[in-house]
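Novice: this one's sequence-less:
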């Protein structure tokens with residue numbers, strides 16, 4: 001039984017764009033006869049199968065709408081569809097602990113340290129089980145096209161409708177549980193996003209607080225340094241002034257002596273130049289006297305030369321001593337001035353010691369704040385990475401759940417669709433055999449030109465081409481249901497026999513006309529038409 005709110009729709013067997021009811025009926029009848037075992041055999045004679053019934057049956061498919069998604073359920077959902085997902089760590093528990101430990105900063109740092117691996121731990125896999133849900137992508141695509149051809153059942157249907165074993169309340173209960181699961185996962189996802197926002201906010205606040213404290217400490221230290229500089233700078237200025245004066249005195253003292261030595265050096269160089277000039281002059285005169293054979297005068301000039309050379313050697317020795325004294329004095333000057341500069345540096349450093357201590361204390365305190373900021377960011381990073389990982393996982397789970405149904409905002413109510421298929425039952429003694437013909441396209445007459453005279457009765461099945469691959473697979477599953485589910489087989493036989501088209505005079509007349517059409521189009525030879533017509537007479 002169905003509630004009054006449930007609308008029922010029947011899907012067409014063949015393409016509605018073609019008007020071929022006679023050809024459809026005749027082709028189905030022909031296929032049914034073709035598949036019937038005619039008996040016979042060379043060694044063991046097999047009994048002939050009896051065609052018990054030929055019936056058009058409607059297979060139930062539920063379409064339930066939830067949040068713009070249409071879920072398709074097999075009316076005889078004797079199978080389970082499971083969707084797996086990972087159980088994300090509780091965002092609520094994390095947030096409660098976060099709020100409890102958000103202040104003071106020390107507690108927050110400890111919280112981050114304790115929860116660095118909270119969202120990184122292995123997650124437990126969970127499953128949600130649907131009974132009878134059809135989630136195959138190809139099936140949903142074909143069914144979404146097929147359902148648009150449906151016509152609402154308002155009166156007596158011309159198809160024997162199978163009553164679904166999977167009832168509306170059971171499906172509604174499943175979807176309600178699924179909605180609860182989705183709602184919980186949505187809350188978790190929102191909680192994860194809120195936790196990310198809170199962690200970012202709290203960390204940012206504490207970093208701002210640390211920056212403010214660091215600035216305040218720096219300003220306080222700079223104020224002390226400036227005050228100390230007012231005391232130290234005058235001392236340093238006085239030291240510079242005193243040492244500048246001392247350096248000047250020392251430099252002037254050495255420069256005076258160096259100047260004296262330089263003058264003495266210049267005088268000695270001049271004397272050396274004079275002596276060397278005299279020697280050249282004396283040598284010239286001595287040479288001239290030698291040429292004149294004045295031995296006495298020549299001797300006198302040589303004596304003068306020897307005396308002058310002796311004086312020149314003394315002058316050169318004196319010059320060497322002067323240069324040595326200049327070098328020593330210059331070195332002493334440099335050393336003395338260096339000592340004074342070193343003394344100035346030492347006393348200046350000593351005078352600046354209070355400033356250096358204040359600057360070191362300032363830098364140390366600033367570094368503490370910097371290290372604390374870096375620590376906070378370092379502890380925050382794995383927590384945020386875990387939150388982001390779980391958020392992305394939640395989005396993946398949401399997307400996978402969305403892929404279970406047909407996305408259509410126009411779907412509002414629960415609907416029951418019936419997929420038509422022809423059921424043929426053969427019987428030999430107590431054994432029964434079934435043939436199921438899924439929704440098919442009735443081939444057009446254009447093919448007859450190519451096939452006239454080229455095929456026999458075994459080719460008549462080509463007149464019926466399955467319309468949908470996945471729908472055909474769905475109908476062929478009925479074979480399994482008849483073998484595994486005695487209640488289903490009993491319902492199928494009861495409905496099919498009650499709606500046996502072989503007992504329907506109008507259908508049989510349609511078949512008769514359709515056989516003529518098939519013969520005229522070349523699908524049947526005269527002999528094949530005669531055989532089928534005779535079988536039609538027998539069935540009547």
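Specialist: Received the coordinates, thanks. If you're wondering where the values come from, they're calculated on a predicted model, not measured in any experiment. Numbering: from 1, shown residues only.
Novice: pLDDT below threshold where in the chain?
Specialist: 1-5, 16-20, 40-45, 443-461, 540 (pLDDT under 70).
Novice: got the buried residues for stretch 115-132?
Specialist: Within stretch 115-132, the residues that count as buried by 16 or more other CB atoms under 10 Å are 115, 116, 118, 119, 128, 130, 132. C-beta: built from backbone N, CA, C; applies to glycine.
Novice: so residue 301 sits in a strand?
Specialist: No. Residue 301: not assigned to a strand; according to DSSP: H, G, I helix; E, B strand; the rest coil it is helix.
Novice: around it, count how many other residues there are.
Specialist: Residue 301 has 20 neighbours, counted by other CB atoms under 10 Å.
Novice: quick check: it touching residue 285?
Specialist: Yes. Using CB atoms under 8 Å, residue 301 is in contact with residue 285, at 4.9 Å.
Novice: find the residues that touch each one of the two.
Specialist: Residues touching both residue 301 and residue 285 (CB atoms under 8 Å, 6 or more residues apart in numbering): none.
Novice: quick one: the strands in the stretch 101-250 of the chain?
Specialist: For the stretch 101-250 of the chain, applying DSSP state E, counting those that start in this stretch gives strands covering 124-131, 151-152, 160-161.
Novice: sorry, back to before: which of the buried residues of stretch 115-132 lies closest to residue 147?
Specialist: Nearest to residue 147 among the buried residues of stretch 115-132: residue 132, at 17.3 Å, using CB to CB.
Novice: name the nearest residue to the closest one, sequence neighbours excluded.
Specialist: Among residues not flanking residue 132 along the chain, residue 77 sits closest, at 1.7 Å (CB to CB, 6 or more residues apart in numbering).
Novice: in contact with the one you found, which residues?
Specialist: Counting by CB under 8 Å, 6+ apart, residue 77 touches 131, 132, 133, 165, 166.
Novice: tell me who's in contact with the third one.
Specialist: Yep, that's residue 133 we're talking about. When contacts are counted by CB under 8 Å, 6+ apart, residue 133 touches 71, 72, 73, 74, 77, 81, 404.
Novice: I'd like the next helix or strand past the one helix or strand the first one maps to.
Specialist: It stands for residue 71. In the assignment (DSSP states H and E), residue 71 maps to strand 69-74. Using DSSP H and E, the helix or strand that follows strand 69-74 in sequence is strand 80-87.
Novice: tell me how far the helix or strand that comes right after that next one lies from the chain's centre.
Specialist: Moving toward the C-terminus from strand 80-87, the first helix or strand encountered (DSSP H and E) is helix 91-100. Taking CA atoms, centre = their mean, to the nearest Å, one finds helix 91-100 lying 27 Å from the centre of the chain it belongs to.
Novice: what comes into contact with helix 91-100?
Specialist: Contacts for helix 91-100 (CB under 8 Å, 6+ apart): 111, 115, 118-119, 187-188, 191-192, 194-195, 198-199, 202, 390.
Novice: tabulate those residues (JSON lines), appending distance to residue 349.
Specialist: Below are the contacts of helix 91-100 laid out as JSON lines (distance: CB to CB, whole Å):
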{"residue": "111", "distance to residue 349": "47"}
{"residue": "115", "distance to residue 349": "50"}
{"residue": "118", "distance to residue 349": "54"}
{"residue": "119", "distance to residue 349": "55"}
{"residue": "187", "distance to residue 349": "67"}
{"residue": "188", "distance to residue 349": "64"}
{"residue": "191", "distance to residue 349": "61"}
{"residue": "192", "distance to residue 349": "59"}
{"residue": "194", "distance to residue 349": "58"}
{"residue": "195", "distance to residue 349": "55"}
{"residue": "198", "distance to residue 349": "52"}
{"residue": "199", "distance to residue 349": "49"}
{"residue": "202", "distance to residue 349": "46"}
{"residue": "390", "distance to residue 349": "59"}
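Novice: please consider this matter closed, and thank you.
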